[in-house]
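>>> take this sequence and fold it.
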Amino acid sequence: MSQNSLPPEVLELLIDPYAVLGVSVNADDNQVLKRYHALAKQLHPDNYINTNNRDAELGRVILTRLINPAYQQLKQAKKRINLVGTLRSKATDLDKQAVSVLQTGLNVDIMSMSPNEAEFFYEKAITSYASAQYKSLPQSHQVTKQISKLNLVYLSLHKNNALNTEQWTTSSKSIIPRPEIKPVELKLPQDKNLTPVPINYARRNYERAVQYGEQGKWDLAVQELRDAIKLEPNNSDYYALLGVVHFQQKFLGMAKVYIRQALKLNPKQPLALKYAAQLNIQPTENGNPKSVAKALGIAALLNRFLSKKDS
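Model (predicted):
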């Protein structure tokens, strides 16, 4: 690949900006921004002071001609939804033989995995590819092509179970549940040394997420729920609501991941059970250790293969 320009076949990779950035098709605003900043830092000319000008120039061209345009397409949720729709249509048009050819090129068989395993493997494989994607700049487009193939295979999994999310209203008042806040009887403390009850910051994040959901501000709701989960990682309510928010964003892959996690923590979580039915998730489908180990093993092998190729 020339250090001064990019050949047309490389620029054509912008058809799938997710592959160019090396992020999952389920990525949200924060994930896209974080990856963009990481790549901009990685390809900065200062990183090539001790190498040669050829790498520095190629890094500049890749950043300006590929990564920046890809980020412009992905930085807004509405644009991402349209892009995923376009990619999903392309994946839907693939027949079984075409999908099989793509899988052969990837050296994986996602179609034989359980839905939960496929979701898990896809996210781990994207991470593995991304870690090696721009280590060798002249070969980076080859890795990007692999990610693009993986995206098509992944999206083709859903063509037979595609949900018509258009039929669901975006009026969040009928979708996002208000948190149950029980009335509290206020009493004046008699003991001046009484330790005050600590504030439940995670619950505050959850309540703000509900408010954002009612306003249709899905990205803000996602951030609040992620913060809540960091504080209370075993609260099924937070995972369930995050799954619902992703459902409203039409990021069905991520919706399934969080609904499954909510059911794993609490098999009777009402909101998770409701949306599990819409997402074709069985109540007992909470992951299987062997499947998880298999997905991790495949992703680890993939990462080693790419590292060896780019060294």
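>>> name the helix or strand for Val20, please.
helix 17-21 (DSSP states H and E).
>>> what about the nearest residue to Leu263 once chain neighbours are set aside, which SS state?
Spatial nearest neighbour of Leu263, chain neighbours left out: Ala272 (4.9 Å); criterion: C-beta to C-beta, 6 or more residues apart in numbering. (Glycine included, C-beta is placed from N, CA and C.) Secondary structure, DSSP: H, G, I helix; E, B strand; the rest coil: Ala272 is helix.
>>> Ala272 - how many residues pack around it?
28 (other C-beta atoms under 10 Å).
>>> isn't it up against Gly243?
Yes: contact criterion C-beta atoms under 8 Å: Ala272 and Gly243 qualify, at 6.7 Å.
>>> picking that back up, list the residues that contact the residue nearest to Leu263.
For Ala272, the contact set (C-beta atoms under 8 Å, 6 or more residues apart in numbering) comprises Ser236, Tyr239, Ala240, Gly243, Ile259, Ala262, Leu263, Asn266.
>>> would a markdown table of these with neighbour count be doable?
Formatted as a markdown table, those follow (neighbours: other C-beta atoms under 10 Å):
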| residue | neighbour count |
| --- | --- |
| Ser236 | 18 |
| Tyr239 | 27 |
| Ala240 | 27 |
| Gly243 | 30 |
| Ile259 | 28 |
| Ala262 | 27 |
| Leu263 | 26 |
| Asn266 | 16 |
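>>> just those now: which is nearest Val25?
Distance to Val25, by C-beta to C-beta, is smallest for Gly243 among the contacts of Ala272, at 16.6 Å.
>>> so how far is Asn47 from the closest one?
Distance of Gly243 to Asn47, given as C-beta to C-beta, to the nearest Å: 39 Å.
>>> hmm, back to that, residues in contact with both of Ala272 and Gly243, list them for me.
Both Ala272 and Gly243 are contacted by Ile259, Ala262, under the criterion C-beta under 8 Å, 6+ apart.
>>> can you list the residue ranges for helices in the stretch 151-300 of the chain?
201-214, 218-231, 236-248, 252-265, 270-278, 289-310 (DSSP state H, counting those that start in this stretch).
>>> would you list those in a markdown table and tack on distance to Asn151 and mean pLDDT?
What follows is those, written out as a markdown table (distance: least, C-beta to C-beta, whole Å; pLDDT from 0 to 100):
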| stretch | distance to Asn151 | mean pLDDT |
| --- | --- | --- |
| helix 201-214 | 28 | 88 |
| helix 218-231 | 21 | 88 |
| helix 236-248 | 17 | 91 |
| helix 252-265 | 11 | 87 |
| helix 270-278 | 23 | 89 |
| helix 289-310 | 15 | 51 |
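>>> winner for burial among the ones you listed?
The highest average neighbour count among the helices of the stretch 151-300 of the chain, using mean count of other C-beta atoms under 10 Å, belongs to helix 236-248 at a mean of 25.
>>> and the angle for that helix with helix 252-265?
160 degrees (axes from the mean of the first three to the mean of the last three C-alpha atoms, to 10 degrees).
>>> ok, and what's touching helix 236-248?
26, 165, 168, 170, 172, 175-177, 179, 202, 206, 209-210, 213, 218, 221-222, 225-226, 228-229, 232, 252, 254-259, 261-263, 265-266, 269, 271-272, 275, 278-279.
>>> could you export that helix as PDB, CA atoms only?
In PDB, the C-alpha atoms belonging to helix 236-248 read as follows (Å, rounded to 0.1, in the frame of the first residue of the first chain):
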ATOM      1  CA  SER A 236     -30.400  -7.200  37.500                       C
ATOM      2  CA  ASP A 237     -32.600  -4.100  37.200                       C
ATOM      3  CA  TYR A 238     -29.800  -2.100  35.700                       C
ATOM      4  CA  TYR A 239     -28.900  -4.800  33.100                       C
ATOM      5  CA  ALA A 240     -32.600  -5.200  32.200                       C
ATOM      6  CA  LEU A 241     -33.200  -1.600  31.600                       C
ATOM      7  CA  LEU A 242     -29.900  -1.300  29.600                       C
ATOM      8  CA  GLY A 243     -31.100  -4.100  27.400                       C
ATOM      9  CA  VAL A 244     -34.400  -2.300  26.800                       C
ATOM     10  CA  VAL A 245     -32.600   1.000  25.900                       C
ATOM     11  CA  HIS A 246     -30.400  -0.900  23.400                       C
ATOM     12  CA  PHE A 247     -33.600  -2.500  22.000                       C
ATOM     13  CA  GLN A 248     -35.000   1.000  21.400                       C
END
